[in-house]
Structures are given as structure tokens and as C-alpha cells.
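A.B. asks: the following block contains a protein sequence and its predicted model.
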Amino acid sequence: MADPKDEASKANQQRQFVRVDDTLPMSWRKLESDAYAKIAEYFEKHDIFPPKPGGINATLKSLDITDPLKQLQRKDANMAEILGRLDQKLNLLIRLFHPQDDDQPMVMTPMNLSGGGLAFWQHSPQLESGDLLELRLSLGEDALLTLEAYTRVIVVLPNDRDGMTRVACKFDPILPNDQEQIIQHIFKRQSHLLRAKRKR
């Protein structure tokens, strides 16, 4: 008889590799191996990334109301929608008044996204297999939060699509809550694409 824990672990692994094509705001910067090692060590000990002084994203993340909104949506969908939109507007205003915190501009980037990693396309990124990246990703143009993760470049394929280079990366590491948000986004995006296909 199969062990329920093994079955749950296998199901979770399968969820991580469900993927979808999308175009989302993203930025990245290359990390030196010693800087990455310190981040990985901190993550191993504390299950979070080291704090960045003065970062607006850290402040916004600490004020995240995503989970309470989900709970409210079951009871009062209209109120949850109103509060969600208000939160989005406040988030945008904060970013307007703190532009210095976004020193890496996020640009709409075509990608193939999964809970385990992503492949993205850009013109001539100066990257090679084995590079370590700090990644910032929003799950929509008006998303409430910017997710942060670290990735290891697995494959770089020049001139893969429309003259752009394909860069395939594995999350290493990513916060479990952020990974779950990505997986939920993928399911929603797949459902949206399926509905659009049926309407044709």
C-alpha cells in the first residue's frame, strides 16, 4: 500500500512542473557566487531571504493582505473585490513615491513559467549556463506584490525565438508561499486560455 506522505510529495512535485506561457513584468541581475552563498546560507537557517535595508518590497510584503482577502472572498465577494482594488491603488501610489527602490526596472518579458523555474526570452542577455540570478517577478501588470527568487541558469539558447535568446532557469531557492502564488497563477492562466480557446 502506498504511503500517503509519498503520494502527497509526488503530487506536490507534479504541481511544481505544471507550466504556462505568459508575458509578465520581470527583472534580473547576476549575482557573484560569494553573495549567492551568503543568501543561500541565510535561507537555509531562517527559511526567508536576508532583509534588504530600506526596500519598499519588503515593507509591502509585510503588509500583504492576499490571504485575508481570499478568506473574505468566500463570505463577501464584492467587498473582497473592492478592498483588493483599493490595495492595488495604494501599492501603485507607494511605488510612485519610492522610485529609487526599483533600481532594476521591470519590463514585460515573454516567458514559460512553472513552480520549479522559468524560461524567458530577451535580446542578447549576457548570461551563460551556471550563472546565478536574483529575480523579481510580478504576476500581472497591476499585481499587488513583486515576488523575489533566486535562480540558477540551466540553458542559454541564442536566436531561439524572433531573434531573442532563451534563458532557462531553475528556482534555487524560492519562498514556498511565492512558489504557491506562481502555481495558482499558472492554473488561472491555463483556465483563462482554455476558455478563450473554446470561444473561438
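C.D. replies: Received, thanks.
A.B. asks: can you tell me the SS state at Asn78?
C.D. replies: Three-state assignment for Asn78 (DSSP: H, G, I helix; E, B strand; the rest coil): helix.
A.B. asks: use 17 as the first number for this chain going forward.
C.D. replies: Shifting the count to begin at 17 puts that one at Asn94.
A.B. asks: and the helices in this structure?
C.D. replies: With DSSP state H as the criterion, the chain has helices at 20-32, 49-62, 72-78, 82-91, 93-113, 192-215.
A.B. asks: give the pairing partners of the longest strand along the chain; include direction for each.
C.D. replies: When the chain is parsed with DSSP state E, its longest strand is strand 163-177. Neighbouring strands of strand 163-177 in its sheet, by DSSP bridges, are strand 148-153 (antiparallel), strand 180-190 (antiparallel).
A.B. asks: what's the spacing between it and its chain's center?
C.D. replies: Remark: strand 163-177 is offset 14 Å from the chain centroid, using Cα atoms, centre = their mean, to the nearest Å.
A.B. asks: over to stretch 183-194?
C.D. replies: On Cα atoms, centre = their mean, the centre of stretch 183-194 falls 8 Å from that of its chain.
A.B. asks: quick one, which of the strands paired with strand 163-177 gets closest to Pro121.
C.D. replies: strand 148-153 (9.9 Å; Cβ to Cβ). Using the backbone N, CA and C atoms, a C-beta is placed for each residue, glycine as well.
A.B. asks: for the closest one, list the C-alpha coordinates in CSV.
C.D. replies: Output in CSV follows, covering the C-alpha atoms of strand 148-153 (Å, rounded to 0.1, in the frame of the first residue of the first chain):
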residue,chain,number,x,y,z
LEU,A,148,23.2,32.8,-10.6
LEU,A,149,20.4,35.4,-10.8
GLU,A,150,18.4,37.5,-8.4
LEU,A,151,14.9,37.6,-10.0
ARG,A,152,12.0,40.0,-9.5
LEU,A,153,8.7,39.0,-10.9
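A.B. asks: what angle do it and helix 192-215 make?
C.D. replies: Strand 148-153 runs at 60 degrees relative to helix 192-215, counting by axes from the mean of the first three to the mean of the last three Cα atoms, to 10 degrees.
A.B. asks: returning to what we had before: make TSV out of the strands paired with strand 163-177 and add mean neighbour count, distance to Leu163 and mean pLDDT.
C.D. replies: Below are the strands paired with strand 163-177 laid out as TSV (neighbours: other Cβ atoms under 10 Å; distance: least, Cβ to Cβ, whole Å; pLDDT from 0 to 100):
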stretch	mean neighbour count	distance to Leu163	mean pLDDT
strand 148-153	20	5	94
strand 180-190	20	8	96
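A.B. asks: closest one to Met122 among those?
C.D. replies: Here strand 148-153 is closest among those (Cβ to Cβ), at 6.2 Å.
A.B. asks: mind listing residues that contact the closest one?
C.D. replies: 40-49, 52, 73, 120, 122, 134, 143, 162-169, 185, 198 (Cβ atoms under 8 Å, 6 or more residues apart in numbering).
A.B. asks: since that was my last question, I'll sign off now.
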